[in-house]
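Chemist: all I have is the shape, not the residue letters:
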């Protein structure tokens, strides 16, 4: 899996240059999310599960984690 070269800071992180930011980067195969103060640790996913997760948050879907992480025919 390739490593992203350019990270984009969330607009919800404020305008400062501090390390209290959520950042997103993309590669051809994945989306990478991290906190600025821990740049060596990133959550890596693909667009579809992230879209389902964000939709669940926006709509207040009960059991967000279970509904997003469950794989059909397999264990969570």
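Modeler: Here it is on my side, so go on. If you're wondering where the values come from, they're calculated on a predicted model, not measured in any experiment.
Chemist: so where's the protein shaky on pLDDT?
Modeler: 1-3, 12-20, 64-76 (pLDDT under 70).
Chemist: buried stuff in the lengthiest helix in it?
Modeler: The helix that spans the most residues within the chain, counting by DSSP state H, is helix 47-59. For helix 47-59, burial by neighbour count (16 or more other CB atoms under 10 Å) applies to 50, 53, 56. Quick note: C-beta positions are derived from backbone N, CA and C, even for glycine.
Chemist: in CSV: these, plus distance to residue 21.
Modeler: Listed next are the buried residues of helix 47-59 as CSV, based on distance: CB to CB, whole Å:
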residue, distance to residue 21
50, 18
53, 19
56, 23
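Chemist: dump the residue contacts of residue 35.
Modeler: With contact set as CB atoms under 8 Å, 6 or more residues apart in numbering, residue 35 has these partners: 19, 21-23, 41.
Chemist: which pair in the residues you listed spans the largest distance?
Modeler: Greatest spatial distance among the contacts of residue 35 (CB to CB): 21 and 41, at 13.9 Å.
Chemist: neighbour count: those two, which is higher?
Modeler: The neighbour comparison of residue 21 against residue 41 (other CB atoms under 10 Å) goes to residue 21, with 18 against 8.
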